[in-house]
Every structure is written in structure tokens, then in C-alpha cells.
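Colleague: Build the 3D model from these lines:
(chains A and B)
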Amino acid sequence: MSWLTPIFGGVVLGVAVPALIALYFLRLRRSSRPIPSTMLWKRAVEDVRANAPFQRLRLNLLLLLQLILLALLGVALMQPRIDAGASRGGRTVILLDRSASMGVADGDDDDRSRLEVARDAAIERIQALHAGGLFGGGGAEIMVVAFADDAAIMTPFTDSEATAIAAVRSIEPTDGRSVIGPALELARAYTTIVDPDAQTAPGEAPAALELWSDGRIADLDGQVLRAGESLEFHRVGRSDSRNVGIAAVAAERPYDDPGRIQVFAAIENDDDEPAVVDVQLGVDGGIRAVTPEPVEVPPARNDPQAGRVPGRRQVAFPAFEQVRDAVIEVSIVGDDALGCDDVAALVVPPARRLRVALVGSEGFVLRSLLEGMPLDELDLLTAEDFRTLAASGAAADYDVIVLHDVEVDDLPPGRYLSFGTVPTVEGLRSFGEPAEGSLVRRTRDDHPVLRFVNLDQLYVARLRKITTGAGTAVLVDSGDGPMVVELDRGSISLVHVAFDPLDSNWPYLRSFVNFISNAIEHLGTRGDALTSQGLAPGEAIVTRLDPGATDIRIRTPDEVEESLQPEPDGSIVWGPIRRTGLHEISWIPADRGPRARRFVAVNQLASDERRVAVADDVRFGVSTIRGQATDAGGPRWRDLWPWLLAAFAGLSLLEWRWWQRQAGAG
Amino acid sequence: MSPFPDGPPPKSARPTRVDELIDGRLMARLDHLDVVSRRIFSGRVQGERRSKRRGQSVEFADFRPYVAGDDLRFVDWNIYGRLDRLFLKIFLEEEDLSLIVAIDASASMDWGDPSKFEFTRRLAMALGYIGLVNQNRVTLAAFGGLDADGRPAGLQRLSNLRGRRRTHEAGRWLLDLEPGGPGGFTEAMKTIALSRQGRGVMVVLSDFLLKDGYETGLRYVAGRGYDVFAMQVLSPQEIDPLKHGMRGDLRLVDLEDGDEAEVTVNGAVLQGYRDRLDAWSGGLRDFCIRRSIMHSVVDTATDMDTLLLDYLRRRGLLR
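Modeller: Next up is the predicted model:
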């Protein structure tokens, strides 16, 4: 039991009870009875009073009733509450969702955010778990884990109520997606004690998990509750909240007119009713365009195969002149439940064309392809020319260097697309005899290099076998090993194809053209172009600044500024990103000129977060866990004052009847 | 069980006829009783009592030497013949007995269920009847009480009744008594003692709950030729108040002087009251014993037949 206003009730009791007793002494209502003589009674009373000065108050039912009435009133004023839920000893893990959708202001009737309500409810739960007073025995051990894109232990298991409450209070909102897997892994790591010296010893009993969330969790399908695990789902939010958000945004410079920018956006509606919104385009902080007519976004529909599919509407803004770089901002005008997906930004680099070198240009296929691309300059170099270039340190002057089956002993800093022979670089090594007749097994379709690249028809007659190390990502995999890998070594960026295109049917496929184009663009715009691609909350900002940059700072959308220290290779890393919006990186260049700035756009485009209607239950594998509603005052607390007031009223009636009886008798 | 009385009984409930004070059945049973005096008193006329006075009855009492002037008829000549000395035969002279029944008619007696005053009137009527039937000189006295104007009447008396035919007169006098006012016990006893006419038996019927004390009054009548019976009449509500609904926060009002006592009646107070009542009655009994006064406590719930035919016979007042 806990008390909301114990001091107030205590003060009332402290004043009223002595006052009532005093009134009884002063104005005790007595029945008048004639008797033959008061002589013996007076003497009897004097005898008793000598031993008990307060005898007048003994066995006085009326006073007793009134004292009980006062006690009930005083206790009611203290607003006692009991924990209606089962209090539990042992270990409890509190999982608190701090994703973007928890920022929706429908947590309670006061329009507090879901996260605020969840924090209060979790704190009340902690208090309930520690309930029991001075003689309540040992307290519960509580661990607090906050999760969004990643999970963070706010406090490991602690038996301190104050520590656990402080941990909950320190949970800040983010604009990230809701991913519970890492949080569960963290909880399990702390609840399972592995003792190598006692393999057969009984393990710790699994901790009870209590989850405060809106139930819109991205990775629920991949999660199961293990044997012995129990989870309580405290549902936060309302199921009728509506939200329209930006699902995608893109900006392109037309191929034939790079001085112009065209912006595309996709708007999604997750409600059962259609939504009408205005979409606005901003450039460098100023409004450039608004959709001429309100955009009607169709309602969500239930598809038998795909489940619930939100309504979607594409918006294309007319191209506009913008030669220099620009910060593009697409926003939905008007308020809805979730604000962070109403704005999406992009940083578009200035219009320029790439300078590319092709080393080992015997193959006409690559050369003709590159010559067909809108490049600023294409130099055809021999292997010897390249070595000379590398020795002079001018290799970095090219935006991209394409290596076609060229043996390079030491790859100088730069950005490379290589085919066939494996360049000598850490994290990539050739081994064994080439494999013959390889087919594609798996591709990373989401990678920019593989956009519109269908490799189903690819047949490689001779594939060089390679091993990959740290920092190397496999983009295309075959049964005989990686086919296409990407390597990022700070000053060296490399996309390597482990076969000569001429040893495959790839030059005859349209995917080859797209791949070359994607790879050149991807590598060529790397660095400054990183900012042109919006990041998502939870990711890290990794970029490279000019050599010699000092006093590097980053300013987040909520105006928090931090100093950054560059890595030895000149790159900076900051993350994970918590909020959406423009992050500004500024530094003083090596020539001590004016402070340089670069913007990084962070957008929340995940469909899980766009769907803000609270889920009634969460499914972990085959387990469906029904959610308990979380109210502003806490779902588990039950107020006792109405019952106390009812008892007060009943006793008042009894007291009144008794008083009447006494008055009648008197 | 009777509730605790809230005051004097209504006048309409009081007896209005003599036969309501004493009925024929009781009178028939009382005809066989007589008032007994533990002493032998002299009377004014020859009655049916032995007297200490030696006289002309047939019951021999003693001898005494002859002195000049004695009646020669009572000289025992046989002794003179044997001893040659004159002795006078002394006979016990039978005298009438004086019976005084003093009734407390103060306001405190007009309370209880059954009422102490009504009980006392009936008892006085019965004792008076026994006296009248046995040719005793019966005097009824009442102290306290109110006159026709409602003022304190002081001592009221109906004196020197004798013979069965005065029964109705005695009954009417008792019926006309109006209880109320203060007791005036001491003054009444003093008046009775000073106006003593002969010797006899005196029965005082009172609750003896006298704030001024009973000692002085009883001293007036004790040892002055009266064989005194002090009968302390108490109602059941006085003997055990708890059984009769006496509890809670009460303002007790004294019927005689209007004195008030605020009492929260609980177990401790009730026990204290019982202790005080016992002490008060015990003190009265001790006082009476020291002065040869017969004391007894009478509960008004006691059956009148049982009281007269059994209890008072055993106590020696009747035979």
C-alpha cells in the first residue's frame, strides 16, 4: 500500500481527533435521569476518577464511532492505494520502449506522451515490487533496460528502489525504431549465469520480464520466449490515434541537367479512413513549393497475404534550379500523432561530374560502358601508369579508379572498383584455384550498388576464391564464395568483383550496366556524398573531413552541441543517432579559414513506427501476450478512498441512529 | 425486566382505595400475627402485653420486702408464716403496646419500580393493621411529603388508634399522603421522641439515603423506651442499576434537592456505586446494632406476604 497525501491526512487527524475528544469533555450529551439521591453516585465517580481520569470516555460507543469516522476520513484524505497486481519477489527486468512511436501524446487524458506515462507506470511498479514496509523482508531485484534501435541497460539488477527509479527517470525519448531483440538478449545475459566450473549446477531462475510499449515492435516475429520466461505486456497509448508519415524521400539531379534537382516523396496513411494532407518542400530552410492541391492518401487495407498494408501516395515536386549543394526538406503540413515522420530531409551535393580512371583498359566492355557515362573525365591508364600515379600520391585526385584485372602490390588511398585480380589490401585475400561455373546465391538488394541489379541470370565461368576480413561486407555471394564485396578501410574504399566480366555472361545482361553505374556513383560520391543519403536513428554518422580539420563539433536537432575527435585516418564517428532532423558537423579547416559546415539528414521512415495505433497484444512466436492497459495513475494501483468514504457514510448513518436513540432516551 | 425509571410513577397508578393497600386475603392471614417487642413496656391501660410494671395481673413476677404504705392485699402471708417477715407479692401487669410506624414520604421514596413509597405505604398499612387487631396503640407518622398546597408538610401523624374498627381510618390517612419534598428525618425523629406517649415499638420505613445523615435522628429515638426497627427500603434499580438499564452518559438529578451529577456509567462506576451502597447500608447496620436497633434491608420487589409472614417473623418483629 502507498499513500498519495499522507501528510495532509495526518495533519487533519492530528487536529480533529484531539478536538473531538475535547469537545466530548466539554459538550458531552448526556441523558437526564432523576434518581432518589446523587449521594452514592457522586462518591462512586470520585472513587473511579481518582484512578482513571478519562473514565468518562470509556465504553462510549458514540465517541468510538466518531473516532472511527474521523480515522476513516483522515485515512481517506491520505489517499491510500493498494497494488492490485501481484507483488513479486525475485528478479524482474523492466523493458521500456523508447522508440519514436512512444512519443505520441496519447498516453493519458492529459495528453502526456506514451513514454512519460510508461515511465510513471514503471516507477509505480518498482514501488509496488519494493512494497512491504520496514518488515516486508528482502526487496526485489530489478533491472531496467531501455530499447529502440538498440538496447541499453539503464541499471543492472539492483535491490535499491531509488536506483531503479532513477534509471527509469533517466530514459530519454528517441526517434528510433522499436527493436526488442537486443533488449531480450541483454536481459537474458544478465539473468543466465554461466559458470564454466559448474556446468551441471542449477542456473538462476529466469527473471520475470515486464514490458511497457505500444506493441509496435519491428522484430517480434523473430523473438520467442524461452522455457521458464514470463513476460507481462503493459500497453501504453490509444488504438484510435491517427498518423500520416513520409515513407520515402529522394532527390535526383536529372541526367541531362545536373544543375536541377527533382524531389520525390511517398506519403503513407495507416488509418482506416483516408487522409488529406498538404506536402511542402523546403530548400535550405526556405519554402520552395507546396502541393497545389491537398494530397489524399488512401486508407490502410487488409491484404490476405501481406496483412495490413498502409495507404500510399507518391508526390513529385517539379524540378528546380540548384547548382550548389542544398538541404532538401519535405514535410507534411499539419499536426498528427507522430511528428518525427512528418519531416524528411536530404542533403544534395553540388552538381558536379566525376573524374574516373580505368586501369587495364584492354577490355573494351568496361571502357565503352564508362565512356557512355556522363563523366567529367575518363582517363585510360596502364598498370605502369597507375603505379607511377600511386607513387606520386595523385591517385586520390580521381573520384573513382576502375581496376580491370590489375595486380597492385600496395593500394594507395582512394576509391576503387576492381574486377578479377584481388588488390593487396587488408581484409581481402585470394586463395586456391578459381571455381568454375558459379551462380549467385544471395545478394544484398538494399545496397546502393545493387539497386536495379538483377543477378538471377548471372553465370560466372571462372570465379576467384577470396576470403574476407573485418570491415569487408559481402554484397553478392555464390556457392563458391563471395562474388562482390565492399571494403572500407578509412582512406581506401573498394568494391571488388571476384571475376573478370569477360569470364561471365554479365556484359550481356542489363544488370551489368546498372551495376557499373551504381558503383561509380556510390564510390564517387562517397565522403561528402554520404550526407546526401539520409540516415536513420540508431545508425552512426561516419564521414571523413579534410585533413588537418580542428575544433570539430556536431550539433543535434535539439540544439545540443558536442565536440568530436577525429580518428587517426581523418574520419569522424558519432552515434548512435537518437533524434531525427538535420545534424550539423562543423570544423575549422587546415588553412584556418572560416568554419566549414556539413549537414547530415536523419529520417525516420520505418513503417513500424509510422503505425501508432497501440497493439492489443504482442506475439512472441506462438505465445500471444495480452496487454494490460496502462492508465495515467498506473494500472495496478487501486484507490481505497472511495471505499473508505463509503464506510464513512455507513458509519455516519449508524452513528446518527445511535445518537437519536441516546437523545430519545435522554 | 423493568426499565430504569425515568422519574416518579404517575399518580394515576397509585392506590386510591384502602383495599388496594391491604386486601381481605392478606388481612385474614395477618389476623394471626402480633407485633413483638423485645422489651416489656408499661402502658397507659391494661392491654394484652406484659409490662415491666408490676401490677394486678395474675402472672407472678417477684417478691419484695414490705414497706409502709403498700397494699396489704398483696402481702404473702404464707411467707410471713414461715419466715416471720412481710414480703409483698409482685405481679406483672399486662399493658397495651404502643406501635409507631414512621414512614419516609420524601421525594426520594417516590421512585423505583415497584415504587418505594407505595411499598412503604402497603407495609405500614399491614403493620398498623396487625397492631390494631391486637389492641395496640397504633400511631402512624409520616415525615417529608407535601400538604394539599404542595408545600413540605413536615411531620404528619395519626395517633393513638386502637381496635380493628380504626383500620379504614388508618388506610385513608395513608392514602392521603402525598410524597415529595425533602426528608426532614432528623427533625421528625426528634419530634416523635419528644412527644413520646408511653413506650412501645417503633418501625421506621425509609431508604435512609439521607445526605444529612441518619445518625442524629436515630439517636433521638434509640434508648428512649422505643424498641426501634429500621427498615431500609430500596428498589431493585437502586440495588443493581446495571440490570435495569443504567448505563451510558447520564446526568443524574437528585429528586429531593435537584442536585446533578454527570456520570458515565460503566463497569468501574457501577462497581464503585455498589461498593458505596454496601458501605452505606453496612454503616447503618453497624450504627443500629450498637444502639440495639434492628436493621434490615427490604427490596420493594419482595412479595408482601413473604415479607410479613416469613421475613419479619424471622427478624422478630412479628410472631
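Colleague: Only C-alpha atoms from now on, for both contacts and neighbour counts.
Modeller: Will do.
Colleague: for chain A, what are the nearby residues on chain B?
Modeller: When proximity is defined as Cα under 8 Å from any Cα of the partner chain, chain B approaches chain A at B:6-7, B:107-111, B:209, B:211, B:248-256, B:259-264, B:266, B:268-270, B:272-273, B:275-277.
Colleague: Bridge partners for the closest residue to chain B within the stretch 201-350 of chain A, pull those for me.
Modeller: Of all residues in the stretch 201-350 of chain A, A:His234 sits closest to chain B, at 56.6 Å by Cα to the nearest Cα. Per DSSP bridges, the residues bridged to A:His234 are A:Trp212, A:Gln628.
Colleague: Surely it touches A:Val618?
Modeller: No: between A:His234 and A:Val618 there is no contact under Cα atoms under 8 Å: 10.2 Å.
Colleague: give the contact list for A:Phe419.
Modeller: A:Phe419 makes contact with A:Leu403, A:His404, A:Asp405, A:His496, A:Val497, A:Ala498, A:Phe499, A:Asp500, A:Pro501 under the criterion Cα atoms under 8 Å, 6 or more residues apart in numbering or on different chains.
Colleague: possible to save those as TSV with distance to A:Ala519, secondary structure and pLDDT?
Modeller: Conversion of the contacts of A:Phe419 to TSV gives the following (distance: Cα to Cα, whole Å; DSSP: H, G, I helix; E, B strand; the rest coil; pLDDT from 0 to 100):
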residue	distance to A:Ala519	secondary structure	pLDDT
A:Leu403	13	strand	92
A:His404	14	strand	90
A:Asp405	17	coil	87
A:His496	10	strand	95
A:Val497	11	strand	95
A:Ala498	15	coil	94
A:Phe499	16	coil	93
A:Asp500	16	coil	91
A:Pro501	15	helix	91
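Colleague: Put together JSON lines for the residues you listed, with distance to A:Ser178 on each row.
Modeller: Listed next are the contacts of A:Phe419 as JSON lines, based on distance: Cα to Cα, whole Å:
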{"residue": "A:Leu403", "distance to A:Ser178": "42"}
{"residue": "A:His404", "distance to A:Ser178": "44"}
{"residue": "A:Asp405", "distance to A:Ser178": "45"}
{"residue": "A:His496", "distance to A:Ser178": "34"}
{"residue": "A:Val497", "distance to A:Ser178": "36"}
{"residue": "A:Ala498", "distance to A:Ser178": "37"}
{"residue": "A:Phe499", "distance to A:Ser178": "40"}
{"residue": "A:Asp500", "distance to A:Ser178": "43"}
{"residue": "A:Pro501", "distance to A:Ser178": "42"}
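Colleague: Between those residues, which sits nearest A:Gly339?
Modeller: A:His496 (41.2 Å; Cα to Cα).
Colleague: Tell me the bridge partners for the residue nearest to that closest one when sequence neighbours are not counted.
Modeller: In space, and not counting its chain neighbours, A:His496 is closest to A:Ser418: 4.8 Å by Cα to Cα, 6 or more residues apart in numbering or on different chains. On the basis of DSSP bridges, A:Ser418 is bridged to A:Leu403, A:His496.
Colleague: Go ahead and confirm A:Ser418 touches A:Val495.
Modeller: Yes: A:Ser418 lies in contact with A:Val495 (Cα under 8 Å); the separation is 6.4 Å.
Colleague: intersection of neighbour lists for the two?
Modeller: With Cα under 8 Å, 6+ apart as the test, A:Ser418 and A:Val495 reach no residue in common.
Colleague: hmm, back to that, higher neighbour count, A:His234 and A:Val618?
Modeller: A:His234 (26 against 21; other Cα atoms under 10 Å in any protein chain shown).
Colleague: burial count for residue 308?
Modeller: Just so you know, I chose chain A. Neighbours of A:Arg308 under the rule other Cα under 10 Å: 12.
Colleague: could you do chain B instead?
Modeller: Neighbour number of B:Leu308 under other Cα under 10 Å is 21.
Colleague: Skipping adjacent residues, who's closest to A:Ala151 in space?
Modeller: A:Ala183 (4.9 Å).
Colleague: do the same with A:Arg451
Modeller: In space, A:Arg451 is closest to A:Asp445, 6.5 Å off (Cα to Cα, 6+ apart).
Colleague: swap in B:Asp70?
Modeller: Here the residue nearest B:Asp70, using Cα to Cα, 6+ apart, is B:Leu88, at 8.0 Å.
Colleague: quick one on the thing from earlier: now the common contact residues for A:His234 and A:Val618.
Modeller: Taking Cα under 8 Å, 6+ apart as the criterion, A:His234 and A:Val618 both touch A:Gly627.
Colleague: Show me the helices in chain B, by range?
Modeller: B:18-21, B:24-30, B:77-83, B:116-133, B:167-175, B:185-194, B:215-221, B:236-239, B:267-290, B:304-306, B:312-315 (DSSP state H).
Colleague: okay if I get those helices as CSV plus mean pLDDT and mean neighbour count?
Modeller: Formatted as CSV, the helices of chain B follow (pLDDT from 0 to 100; neighbours: other Cα atoms under 10 Å in any protein chain shown):
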stretch, mean pLDDT, mean neighbour count
helix B:18-21, 89, 16
helix B:24-30, 90, 13
helix B:77-83, 88, 12
helix B:116-133, 93, 26
helix B:167-175, 93, 19
helix B:185-194, 90, 19
helix B:215-221, 91, 18
helix B:236-239, 91, 20
helix B:267-290, 91, 17
helix B:304-306, 90, 14
helix B:312-315, 86, 14
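Colleague: residues near the residue nearest to A:His496, how many?
Modeller: 24.
Colleague: Return the distance of A:Arg226 relative to A:Asp278.
Modeller: Counting by Cα to Cα, to the nearest Å, the gap from A:Arg226 to A:Asp278 is 47 Å.
Colleague: sorry, that was for B:Pro65
Modeller: 156 Å.
Colleague: The two: which is more packed in?
Modeller: Taking neighbours as other Cα under 10 Å, B:Pro65 and A:Asp278 compare with A:Asp278 leading, 15 against 12.
Colleague: contacting residues for the residue lying closest to that one once chain neighbours are set aside?
Modeller: Leaving aside its chain neighbours, A:Asp278 sits nearest to A:Pro294 (4.9 Å; criterion: Cα to Cα, 6+ apart). For A:Pro294, the contacting residues are A:Val276, A:Val277, A:Asp278, A:Val279, by Cα under 8 Å, 6+ apart.
Colleague: Quick check: the two most widely separated of the residues you listed?
Modeller: The most widely separated members of the contacts of A:Pro294, counting by Cα to Cα, are A:Val276 and A:Val279 (9.9 Å).
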